[in-house]
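**Q** I would like the atomic coordinates for the input below:
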Amino acid sequence: MIGVALRHRFGRVGFALDVAFEAPAAGVTTLFGPSGCGKSTILAAVAGLLRPDEGRVAIGDAVLLDTARRVCVAPERRRCGVVFQDARLFPHLSVETNLRYGLRRAPPDAAGPGFEEVVALLGIGALLARRPAGLSGGERQRVALGRALLARPRLLLMDEPLAALDAARRAEVLPFLARLRDVAGLPILYVTHALEEVDALADHLVLLEAGRVVAAGAVEALSARTDLPQLAGRRDAGVLLACTVRRAAGGLTALGFAGGELLTTARPGPEGTRLRVRLRARDIAIAIEEPRGLSTQNILPATIAGIAAGGDPAEAFVRLAVGPTILLARITQGSVERLALRPGLAVWALIKAVTFDHRVAAWPKSGAEAGA
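**A** All right, here's what the predicted structure looks like:
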């Protein structure tokens, strides 16, 4: 596990950080929250670029910081690879030389991917002879990732690496980040305020607000909670589902999940492709009788697991159990009363095949998905 506990104040009345969380020793832990909530400050303290007033940072048995014991490992000895918003490549060096600079910084006995493996992983073989000025923003970020990987870190720190890119370049880089997550086997702390990056990459989520941890846990579990305004208060609030492509026919693709199957107009990949989709709460309707004669493709038997306030006084969140999977529907309070909805009631969840948000990257098979 990665353990982080930090307390720091900037000036006598400045911003105060007081956080503690644990992250898995593999996969992506995303620090998520609005600008100014302390995400980048946490990364700076973990990297050794900021010494907090109090704190402890450990990766397994390796203690990088323990102010109580006066332990503070120098940044260059922490073996943290850092990727910033701007790629920070050496402008006078070629892509290949920038990459080999990272390789020269790797400890001699450290295991990790070789030069050719990293180049293939990130798809940058055709860029090796070029200088950073001749690269697109997405290409520069891929090279920066490669340089960080070749330093063979034990922890990868990514500080909003896609924030400076436009939508097209973000879409270009996201699949490479997903591939990196799956292949490199490194723990990654990833800072973002973009929900689509959380959907695509996160295993574990740490929600931050004003220098404090609001919640932490598996991203799928947190996405289904209605008591977290940072997630449930958004108009695109909804659950993340781990799915597997089962078949395609008649212009539709069937996605299997733990508890059922969904039909979509999207083409996420061939049979067996694994991905996560966001089912927005506003896109799910509820019927108390089995509907007939509808154009809606997905009509799923469900049981109401709970009803909660929807943020707006006129709205409510209804938690729907479809087998072991929980979905969220955002409906009006008037509909709750008119239909006499209550926990335990058998209903049908209606989801149009054209509403799914598929802007997510392929995802490794999880235990829940394996039962789909």
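
**Q** bridged to Leu157, which residues?
**A** Val82, Leu189 (DSSP bridges).

**Q** need the contact list for it.
**A** Counting by C-beta atoms under 8 Å, 6 or more residues apart in numbering, Leu157 makes contact with 43, 46-47, 80-83, 188-189. Where C-beta positions appear, they are placed from N, C-alpha and C, glycine not excepted.

**Q** let's go with 6 Å and repeat that
**A** The contact partners of Leu157, by C-beta atoms under 6 Å, 6 or more residues apart in numbering, come to 43, 47, 80, 82, 189.

**Q** low-confidence regions, the stretch 51-200 of the chain specifically.
**A** Counting by pLDDT under 70, the stretch 51-200 of the chain shows no low-confidence range.

**Q** please redo it, this time with the cut-off set to 80
**A** 111-112, 182-185 (pLDDT under 80).

**Q** any chance you could map the helices in it?
**A** With DSSP state H, counting those that start in this stretch as the criterion, the stretch 51-200 of the chain has helices at 95-104, 115-122, 137-150, 167-184, 195-201.

**Q** can I get those in CSV with distance to Val213?
**A** Formatted as CSV, the helices of the stretch 51-200 of the chain follow (distance: least, C-beta to C-beta, whole Å):
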stretch, distance to Val213
helix 95-104, 32
helix 115-122, 32
helix 137-150, 26
helix 167-184, 22
helix 195-201, 16
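
**Q** Val118 contacts Gly146, correct?
**A** Yes: Val118 is in contact with Gly146 according to C-beta atoms under 6 Å; the separation is 4.8 Å.

**Q** nearest spatial neighbour of Phe287, chain-adjacent residues omitted?
**A** For the record, residue 287 is Ala, not Phe. Sequence neighbours aside, Trp348 is the residue nearest to Ala287 in space, at 4.5 Å (criterion: C-beta to C-beta, 6 or more residues apart in numbering).

**Q** quick check: phi and psi on the one you found?
**A** Trp348 adopts backbone torsions of phi -120, psi 130, taken as degrees, to the nearest 10.

**Q** report pLDDT for it.
**A** Trp348 is assigned 97 on the pLDDT scale.

**Q** mind checking what secondary structure the residue lying farthest from the centre of the chain has?
**A** For the chain, the largest distance from the centre (C-alpha atoms, centre = their mean) belongs to Gly293, which lies 38.4 Å off. Following DSSP: H, G, I helix; E, B strand; the rest coil, Gly293 is assigned to coil.

**Q** quick one: the strands in the stretch 251-372 of the chain?
**A** 252-257, 260-264, 274-280, 284-287, 298-310, 312-322, 325-332, 346-351 (DSSP state E, counting those that start in this stretch).

**Q** just so I know, which of these lies nearest Gly102?
**A** strand 274-280 (30.4 Å; C-beta to C-beta).
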